[in-house]
Each structure stands twice: as C-alpha cells, then as structure tokens.
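Trainee: build me a model from this:
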Amino acid sequence: MADKRKRQGLLKIIGPGLLVAATGVGAGDLATGALTGTKLGLTVLWAVLVGALIKFILNEGLARWQMATGQTVLEGAILRPRSVLSRIVQSVFLVYLLMWSYFVASALMSACGVATHAMLPLLDSGGDDKILYGMAHSVLGVVLVLGGGYKLIEKVMSVCIAVMFVTVVSTAVMVGPDWLQVVSGLTTPVIPQGGLVWTVALAGGVGGTLTVLCYGYWIREKGRSGPDAVRTCRIDLAVAYAFTAIFGVSMVIIGSTITVEGKGAKLIVTLADKLLASPLGAGGRWVFLIGAWCALFSSLLGVWQAVPYIFADFCNIARSRSPERMPGPTVEPVNTRQPAYRAYLLTIAIVPMVGLFFSFTQVQRVYAVFGAMFMPLLAMALLFLNTRQDWVGAKMKNRLITNIFLVATVLLFLAAALFMVWKP
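Mentor: The predicted model follows:
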C-alpha cells in the first residue's frame, strides 16, 4: 500500500515536467534527431545528454526564480531592470514570440496532417488531405483546451507521452544498433568533421526552445509556490528530461541505421517508409508512425494550451507598466478566461493554417538552430535574475557551479553561431 501511494505521489509530481518535455518534442526534434543520426551516426549521442542537461538547468532556474519571487521569468526579465533595456527586451521578445508561434504552429499542423495521412490516407494521390487533417488537429486542440482546460490536457498528453515513448524506444531497440557504439557515443564527446551545426542543433533543439517558459505557467496550475516547492520541481524536471534524453537518443539511433533524406514534416513519413523496407517491415512502420503521431499531437496540445499563457502574461506586464497603475513589479496572474489568452489561442490555431497550403523549403537544421538561439538568451536572463540575493534570497540564488554552467551555455551557443556566420 505504501509503495502504491509513493507511485501515485510521483505521478502527481512529474505532471508539469512531462508536459513541458512532451511539448518540446515536436516535428523538429523528430526530424533533427533522425537526420543527425543519418549524417553523423552514433558519435554525437552525447549531445542529446548535454541538451537535456541544459534544459534541466534552465528550467530549474526558471522554477527557482518563480518559487522565490512569485513572478514568471518573463515578468522578471521585463520588469526588474527598470530601464530602457527592459523596453528593448519587451519589444524584441514580442516579435520573436509572434514569429515563433506562426512557424511552429504551422509546422505542427502540417506534421500532424502528414503523419495522419500516412496512416489513414483519404486521397491516394498528392496527399492533399494533409491540409484537412492539419486543420482538424488544430480545431480539436482548441476544443480540448477550451473545453477541459489544464486538467484534461494533462490527461490526454500523458497518454500520448506514454505511447510515443514506448513505441519510439521500442523501434530503436528493434532496429538492432551496435550497442558498444551507442555506449561510446554517449560517453565520449566527439564532433565529426563538418558536423558542428548538426551537433548544436541536436543539443539545442532536444526538449524544446521557447516552450521551456511554459513550465512556469503549468506549475502555477498545480499550485506550486514558495521555496518548499523547489525540491518537487527538481524531481519533476529530472524525470522529464531523463525521458527526453532517452527519446532523443532513440531518434538518433533510428536515423543511424537507415538513410533518411527530406525536409519538413514529410521527413517523418519518409523515415517510416524506410522502416517498411527494413527487417521491421510493416509492423515497424506502424509502430513508429503511431509514436510519431502521439509526439506531434501532444506537442500541438502543449503549444495550444501554454503559449497563449505567455502572450497573456506579456499583455498583463504591459498593463502593469501603464501610468494608471501603481509602479512596481506586481503583475496579475494569467488565466485561461482572460480575453488575451483566448484571442491568442484562436490566432495560433487559425492564422498558421495558411502555411498548410505551401511547401516548407527551409532546411531543418536552420530551423532547429534558430530555435536553439533562445537558449543563451534564457541563460543570460537567469544569470541576471537569480544572482541577486536581494531578489531571490540567499538560499535560492544561483550557486557557483550553476553560474559556470549558464555562462558555458551562453558561450557554447554564441561560439557556434559565430562559427556558422563566419565559416568560409
């Protein structure tokens, strides 16, 4: 009985962490992992572990700030500076949020449509039914978010997470990789010649980019607050990013055993078709497609439910700085009933549908690296916010090792960006 209670308690603890991890595992992660495995093999598996560790450190800092101050990181980054810099941060972030929302929402709809078409084709030629499927997934997401709120989304996503994890990991095991090479790739950091861009994309993209911010809103839904909740958040995030790392490693393993080519959402189906021609046959193809669909739809649900929180929070921050309001860093907590939340939900569910009628020609690694550039920005924000003892308190401020890791994260991604810009 005691063991059963412990298991039930753990399941309650790991909810928000698994949601933010699942939201971050979208079409980009599936495609980037598979393509990296095809191009570089198993030598860069260590990058998946580094990426998961980076996301854990960043999300732990985000949670620690929120538990200490009651503010989200977005509120702290904009309101705490009290200078022209905060205005710049506010403007730049809004532009980034709008661009990110459009492209990611469109990619998720397209990917869900393509994956569903691969399993249940309505039209034999052209695959134009992916447009209808993509729209249907978007509408279903809106219905679930508005109809059931966080609790329903948590249950639906939990089922999707379980299915995607079992199916994708099972596929990785069934393709029969060289397990000695897997161990070597996990424990020996090596970047093959010409593989820096893919390695950075793999490390930066695994587990999401902007969606890391969603964790702060989901732990509010769980009622977590105060310093005593930090330990709960750490356990939650540790389990979540362990799952993320295993999932990412599995995708690289799958990609390393077959040749994968393509762009955008169709790459996932191409990968499934390659499995059809492998010893796994039709069964392996179906297992992978079901897992991929669960990963994509859970990511769509997470974005539809949580990203409007970010926009609503942004609007509340703007109102808190207006002349009519009392000056100070206090911001009204966001909720799913406020107009800004619902307006942004409908916006990301409808406007990006335009992208379903066009072909995505941008190379996957550019998309992944662009998203990964959010990581050093968040790392710099946490260095700024969590090192102030007068803001977070002596027990909650960053430790030296955390600061070193955050600085290393900033330098790593900036150095990679400079290399890509100045590479002859």
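
Trainee: measure residue 415 to residue 193 for me?
Mentor: 17 Å (CB to CB, to the nearest Å). Every residue, glycine included, has its C-beta placed from N, CA and C.

Trainee: which one's more surrounded, these two?
Mentor: Legend: neighbour count by other CB atoms under 10 Å for residue 415 and residue 193, higher for residue 415 (12 against 6).

Trainee: quick check: which element contains that one?
Mentor: helix 400-422 (DSSP states H and E).

Trainee: what mean pLDDT does that helix have?
Mentor: For helix 400-422, mean pLDDT is 78.

Trainee: with stretch 162-180 instead?
Mentor: 85.

Trainee: so where's the stretch 51-200 of the chain uncertain?
Mentor: 81-85, 123-127 (pLDDT under 70).

Trainee: could you do the stretch 251-400 of the chain as well?
Mentor: For the stretch 251-400 of the chain (pLDDT under 70), the answer is 259-267, 274-281, 321-331, 358-373.

Trainee: switch the cut-off to 90
Mentor: 251-296, 316-338, 352-378, 380-381, 384, 388, 390 (pLDDT under 90).

Trainee: that one: helices as residue ranges?
Mentor: With helices called from DSSP state H, counting those that start in this stretch, the stretch 251-400 of the chain shows them at 266-277, 281-320, 339-350, 364-372, 374-385, 389-392, 400-422.

Trainee: mind putting the ones you listed into JSON lines with distance to residue 87?
Mentor: Supplementary listing: the helices of the stretch 251-400 of the chain in JSON lines, determined by distance: least, CB to CB, whole Å:
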{"stretch": "helix 266-277", "distance to residue 87": "40"}
{"stretch": "helix 281-320", "distance to residue 87": "11"}
{"stretch": "helix 339-350", "distance to residue 87": "20"}
{"stretch": "helix 364-372", "distance to residue 87": "24"}
{"stretch": "helix 374-385", "distance to residue 87": "15"}
{"stretch": "helix 389-392", "distance to residue 87": "20"}
{"stretch": "helix 400-422", "distance to residue 87": "22"}
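
Trainee: out of those, which gets nearest to residue 76?
Mentor: Closest to residue 76 of these is helix 374-385 (CB to CB; 4.8 Å).

Trainee: kindly format the C-alpha coordinates of the closest one as CSV.
Mentor: What follows is helix 374-385 as a C-alpha-only set of coordinates in CSV (Å, rounded to 0.1, in the frame of the first residue of the first chain):
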residue,chain,number,x,y,z
PHE,A,374,16.7,31.1,-27.5
MET,A,375,18.7,29.1,-25.0
PRO,A,376,21.6,31.6,-24.5
LEU,A,377,19.0,34.4,-24.1
LEU,A,378,17.2,32.5,-21.3
ALA,A,379,20.6,31.6,-19.7
MET,A,380,21.6,35.3,-19.6
ALA,A,381,18.2,36.2,-18.1
LEU,A,382,18.7,33.6,-15.3
LEU,A,383,22.2,34.9,-14.7
PHE,A,384,20.8,38.3,-14.3
LEU,A,385,17.8,37.4,-12.1
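
Trainee: and it, how far from the chain's centre?
Mentor: The gap between the average C-alpha position of helix 374-385 and the chain average comes to 17 Å, counting by CA atoms, centre = their mean, to the nearest Å.

Trainee: in it, what counts as buried?
Mentor: 374, 375, 376, 377, 378, 379, 380, 381, 382, 383, 385 (16 or more other CB atoms under 10 Å).

Trainee: other residues contacting that helix?
Mentor: 54, 58, 61-62, 65, 73, 76-77, 80, 96, 204, 209-210, 212-213, 391-392, 398, 403, 406-407, 409-410, 412-414 (CB atoms under 8 Å, 6 or more residues apart in numbering).

Trainee: now do 6 Å
Mentor: Residues outside helix 374-385 that contact it (CB atoms under 6 Å, 6 or more residues apart in numbering): 58, 61, 65, 76-77, 204, 209-210, 406, 409-410, 413-414.

Trainee: which of these has the most neighbours?
Mentor: Going by other CB under 10 Å, residue 204 tops the contacts of helix 374-385 with 28 neighbours.

Trainee: the host helix or strand of that one - contacts with which helices or strands?
Mentor: Under the criterion of DSSP H and E, residue 204 resides in helix 196-205. Applying 3 or more CB pairs under 6 Å, 6 or more residues apart in numbering; DSSP states H and E, one finds that helix 196-205 contacts helix 27-40, helix 45-69, helix 364-372.

Trainee: rerun at 10 Å
Mentor: helix 27-40, helix 45-69, helix 230-257, helix 364-372, helix 374-385, helix 400-422 (3 or more CB pairs under 10 Å, 6 or more residues apart in numbering; DSSP states H and E).

Trainee: deepest-packed of those, please.
Mentor: helix 27-40 (a mean of 26; mean count of other CB atoms under 10 Å).

Trainee: just to revisit the earlier point, relative to residue 121, which of the helices and strands packed on helix 196-205 is closest?
Mentor: helix 27-40 (19.1 Å).

Trainee: how far does that closest one sit from the chain's center?
Mentor: 15 Å.

Trainee: now it: average pLDDT?
Mentor: 76.

Trainee: quick one: it to helix 281-320, angle?
Mentor: Helix 27-40 and helix 281-320 meet at an angle of 130 degrees, taking axes from the mean of the first three to the mean of the last three CA atoms, to 10 degrees as the criterion.

Trainee: just checking, what packs against helix 27-40?
Mentor: Looks like helix 27-40 contacts helix 45-69, helix 84-119, helix 129-174, helix 196-205, helix 230-257, helix 266-277, helix 281-320, helix 364-372 (3+ CB pairs under 10 Å, 6+ apart).

Trainee: out of those helices, which comes closest to residue 353?
Mentor: Closest among those, using CB to CB: helix 129-174, at 5.8 Å.

Trainee: tell me what angle the following helix or strand past that closest one forms with helix 45-69.
Mentor: Sequence order places helix 179-187 as the next helix or strand after helix 129-174, per DSSP H and E. Using the same axes, to 10 degrees, the inter-axis angle of helix 179-187 relative to helix 45-69 is 40 degrees.
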